[in-house]
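Chemist: test case, fold it:
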Amino acid sequence: MRRFLLIFGCLLSASILSAQNTLPEITVKNLNEKIIVSWLNTYKKPIQNILIQRSFDSLKNYTTIGTVLNPQNTENGYPDNMPPYNKMYYRVTIIFEGGAYEIGKAARPVKEIIELPELDITAIPKPKTTIAPAEEELALSKGEASERIQQLSFDKQRNFNKDSLSIKVIEPKRIIETAYPSNRIFTSKQNTIVIQIAEAKFKKYTIKFFDENELLALELKKIKEDYLILEKSNFSKAGWFRFEIYEDGKLFEKNKVFIAKDKPKPNG
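Modeler: I've put the predicted structure just below:
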């Protein structure tokens, strides 16, 4: 099952980046009722801002719902997490340095269907557990321990002695994700680093990148966007970088990402 979820996550991430339209046209996809607006930027002149807009009508009454942090990026996108209607019209208004602007064509979301390969998943039965006798030590959660002591105190029909029962209360172990590749931080086809996390506006995320010598190479704080694209120029060199994702100060994913070298430009 873990293998299935890993493949599904990779295909979901890849689907967001595939077949993007080039500005001023955009690609709009519906991924589980979450609308993703994305595009490729091939403009040579500097872009000052890109406004993402939506409307119930394809021609008028457009409302700006957001902008992007780095409008000059070759690959970019914006998630609409709470659309009032899943078939609204979306467009972008591109504002260039100097005041000129261009309005793109309207597009409606296309339902994204991900075809998964046939997987040979064999269910592994869980080992049977046996209830230890009262004289032996039991590993219980806090709630179970309280109920068990209460049961032994009031059940007169059993010859259990509460004082002879040793109960060890165990805290639930925090699971840290390590399966590669990550579906939150990964490399796109354009060799940029994509960061895709949920509810960034409402949660406190911190991301740390470490080089091969385990030295801190980059730290991102106060992340407010669910979808970010990180340029390779933020890293001093190419190669493997390990990263850690923290939510409210607690580590929940440790993984790695590969930063590719820039291709040499042809002479002439």
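Chemist: return the set of buried residues in stretch 204-212.
Modeler: Buried residues in stretch 204-212, counting neighbours by 16 or more other Cβ atoms under 10 Å, are found at Y205, T206, I207, K208, F209, F210, D211. Yep, even glycine has a C-beta here, placed from its N, CA and C like the rest.
Chemist: what about that stretch, average pLDDT?
Modeler: The average pLDDT for stretch 204-212 rounds to 93.
Chemist: contacts for it next, please.
Modeler: 185, 195, 197, 216-221, 223, 235-237, 239-249 (Cβ atoms under 8 Å, 6 or more residues apart in numbering).
Chemist: residues contacting the nearest residue to K87 once chain neighbours are set aside?
Modeler: Spatial nearest neighbour of K87, chain neighbours left out: R108 (5.7 Å); criterion: Cβ to Cβ, 6 or more residues apart in numbering. By Cβ under 8 Å, 6+ apart, R108 lies in contact with V28, K87, M88, Y89, Y90.
Chemist: my guess is the last one contacts N30. True?
Modeler: No: counting by Cβ atoms under 8 Å, no contact exists between Y90 and N30, whose distance comes to 11.0 Å.
Chemist: name the residues contacting each of the two.
Modeler: P109.
Chemist: between those two, who's got more neighbours?
Modeler: Taking other Cβ atoms under 10 Å, Y90 and N30 do not tie; Y90 has more neighbours (24 against 17).
Chemist: and the strands in the stretch 151-268 of the chain?
Modeler: Using DSSP state E, counting those that start in this stretch, the strands found in the stretch 151-268 of the chain span residues 167-169, 185-187, 193-196, 205-210, 216-220, 227-230, 239-247, 250-259.
Chemist: so where's the stretch 1-150 of the chain shaky on pLDDT?
Modeler: Scanning the stretch 1-150 of the chain with the threshold set as pLDDT under 70 gives 1-19, 112-150.
Chemist: would you map the strands across it?
Modeler: Under DSSP E, counting those that start in this stretch, the stretch 1-150 of the chain gives strands at 27-31, 34-40, 47-55, 63-67, 75-80, 89-96, 101-103, 110-111, 138-140.
Chemist: now do the phi/psi pair for the closest residue to S55 other than its chain neighbours.
Modeler: Using Cβ to Cβ, 6+ apart and skipping the chain neighbours, the partner closest in space to S55 is Y62 (4.3 Å). Backbone torsions of Y62, given as degrees, to the nearest 10, read phi -80, psi 140.
Chemist: list the contacts of Y62.
Modeler: Counted by Cβ under 8 Å, 6+ apart, Y62 has contacts Q53, R54, S55, Y89, R91.
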